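> Predicted structure and sequence below. I'll ask about it afterward.
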Amino acid sequence: MKLETKSSFRRCLRGFSDERLASILNTMRAAAESYGRPHLHGGIGLRAIGDFIECRDNLDYRLVFQREGGVLVFSCYGTHDQVRAFVRNTR
């Protein structure tokens, strides 16, 4: 599955180290691999949150995306509270 990012997602990543960005990219790839395969979801915690889907990057951070055809479009990266605020503000 193809991956895309919105400008809002890229803004969330400003200031992170190259190592952290590599971890985020690995999580994005894992989300693409796991999407639609429920037995694999547990590892990264894919779950619906409003009109979006979230997954864990680590204990503190989440990635938020939507599926648009054969593409996962990532919109937000942040803490649990930041993700909730993002989803609430996009309704």
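Nice, I can see it. Numbers count the residues shown, from 1 in each chain.

> contacting residues for the residue most central in space within the chain?
Centroid-nearest residue in the chain: L63, 2.3 Å away (criterion: C-alpha atoms, centre = their mean). Going by C-beta atoms under 8 Å, 6 or more residues apart in numbering, L63 touches F9, I24, T27, M28, A31, E54, C55, D57, F74, C76, Y77. Yep, even glycine has a C-beta here, placed from its N, CA and C like the rest.

> Now do the buried residues in the lengthiest helix in the chain.
Residue-count comparison of every helix in the chain, with assignments taken from DSSP state H, identifies helix 18-34 as the longest. For helix 18-34, burial by neighbour count (16 or more other C-beta atoms under 10 Å) applies to I24, T27, M28, A30, A31, A32, S34.

> go on, stretch 44-61?
Judged by neighbour count (16+ other C-beta under 10 Å), stretch 44-61 contains these buried residues: I44, L46, F52, I53, E54, C55, R56, D57, Y61.

> And stretch 60-74, by the same measure?
When neighbours are counted by 16+ other C-beta under 10 Å, the buried residues of stretch 60-74 are found to be Y61, R62, L63, V64, F65, L72, V73, F74.

> Need the three-state assignment for C55.
The three-state label given to C55 by DSSP: H, G, I helix; E, B strand; the rest coil is strand.
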